[in-house]
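S.K.: here is my input; please provide its structure:
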Amino acid sequence: MGVPDLLNIPSTESEPDTRQRRLKGHRLDANLHDICKVLDISSETMCVELIRYSRQSLAMERRLPEDHATIQQLPVELMTHLEIPILAFQENNVYDIHRARSTGTSLFRNQACRNDWVWVQTGGEEMYGTLRGRLPGKLIALIKLRDYRDTGRVYRLACIQMLNALNSGRPSEFHDLVTVQQRPDARKFTIFEIGTILGLAHLIPESDQRWLVNSRIDLRTFNEIY
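M.R.: Have a look, this model is predicted:
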């Protein structure tokens, strides 16, 4: 399997709408409580994370209700992949389209479930050393959430199991790669607006809970991290 197949990056496209990531692959319409059952995620945990996201990321007039019973009845669309336009290396108007997949516990093309690694912008460029404010995480779910108080208000969100950068994001002197690992806290996932997802990440397993960031997967990644 070649690198483009591995990362699910098709041929380039000219001048897409670079302002938007696009959720695709409609899988299910239900309320949040039932979506959590399908994903095998605690609905209480989902409520806690949605409230945390709402308080930290949304203006007061756009915040979600904070009553758990109300949140669990919000209408949700469960999606299977996110299209992310990425400016091609050394190009001005040509883009690669990364398709980040998240099938939860369901099979992908009659094989194992697929929940891709992605880059998330979580801080300023001075953070996490050579990662420059980005951290990798695993997609757990992609959802469109509607607020019952305003049916035209849609939140396009990703549930992501985030990793931490070891050694403050500095590359190892032995293999010149950054090491990331599972977080020690009890949080199962963090909720982000899909606009913070920068593209697919390629990680090399080092142990059950540690990975190496493969910054040599392509020239753009190498240029961005180093």
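S.K.: tally of neighbours for residue 68?
M.R.: 16 (other C-beta atoms under 10 Å). Bear in mind the C-beta positions are built from the backbone N, C-alpha and C, glycine included.
S.K.: typo on my end, it should be residue 195
M.R.: 13.
S.K.: roughly how far apart are the residue nearest to it when sequence neighbours are not counted and residue 118?
M.R.: Sequence neighbours aside, residue 21 is the residue nearest to residue 195 in space, at 6.3 Å (criterion: C-beta to C-beta, 6 or more residues apart in numbering). Separation of residue 21 from residue 118 (C-beta to C-beta, to the nearest Å) stands at 11 Å.
S.K.: quick revisit: show me what contacts the residue nearest to residue 195?
M.R.: Each residue near residue 21 by C-beta atoms under 8 Å, 6 or more residues apart in numbering is listed here: 82, 83, 84, 85, 156, 194, 195, 197.
S.K.: quick one: buried ones out of these?
M.R.: The neighbour count (16 or more other C-beta atoms under 10 Å) marks 82, 83, 84, 85, 156, 194, 197 as buried among the contacts of residue 21.
S.K.: what bridges to the second one?
M.R.: Same thing as residue 83. Per DSSP bridges, residues listed as beta-bridge partners of residue 83: residue 22, residue 99.
S.K.: wait, what's in contact with it?
M.R.: Residue 83 makes contacts with 21, 22, 23, 24, 97, 98, 99, as judged by C-beta under 8 Å, 6+ apart.
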